[in-house]
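Chemist: Next comes the sequence, and after it the predicted model I'd like to discuss.
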Amino acid sequence: MSTPSTPATPRSPTSEPTAPVGVALIGAGWIGAFHGQSLAQRIPDARLVGVADPAPGAAERLTARLGTGRATSDLTSAGRSSARPGW
């Protein structure tokens, strides 16, 4: 039996602003590109910090198109913080 989830509490307009959340995207295909564009251009509290895709050049093409984030084909580095080497 699953337990009901607690709904997220919306921030009030008077809430203190928060720093954007950095997100690394794995996959630069059609769905990945859609999510990458959302992160880079439509979600104000999110920041696309990187894209990883094992296909040569796929991550580079997506980050170039979006003008944001770092690109890699090394999926092991995708979860690293932008403050660490590799991202």
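Modeler: Right, received. Where do you want to start? Bear in mind the structure is a predicted one, so any value in this text is a computation, not a measurement. Numbers count the residues shown, from 1 in each chain.

Chemist: for the protein, what spans make up the helices?
Modeler: Using DSSP state H, the helices of the chain run over 30-37, 58-66.

Chemist: Quick one: those as JSON lines, columns for distance to V23 and mean pLDDT too.
Modeler: C-beta here means a position set from N, CA and C on the backbone, and glycine is covered the same way. Output for the helices of the chain, formatted as JSON lines (distance: least, C-beta to C-beta, whole Å; pLDDT from 0 to 100):
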{"stretch": "helix 30-37", "distance to V23": "9", "mean pLDDT": "95"}
{"stretch": "helix 58-66", "distance to V23": "12", "mean pLDDT": "95"}
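
Chemist: Beta-bridge partners for the spatially most central residue of the chain, please?
Modeler: Against the mean C-alpha coordinate of the chain, by C-alpha atoms, centre = their mean, the closest residue is V23 at 3.0 Å. Beta bridges link V23 to L48 when assigned by DSSP bridges.

Chemist: was I right about it contacting V51?
Modeler: No. Judged on C-beta atoms under 8 Å, V23 makes no contact with V51 at a distance of 9.9 Å.

Chemist: how far is stretch 48-62 from where the chain is centred?
Modeler: Put simply, stretch 48-62 sits 12 Å off its chain's centre (C-alpha atoms, centre = their mean, to the nearest Å).

Chemist: Could I get the buried residue list for it?
Modeler: Using 16 or more other C-beta atoms under 10 Å as the test for burial, stretch 48-62 gives 48-53, 58-60, 62.

Chemist: Which of the helices of the chain has the highest mean neighbour count?
Modeler: Highest mean neighbour count among the helices of the chain (mean count of other C-beta atoms under 10 Å): helix 58-66, with a mean of 18.
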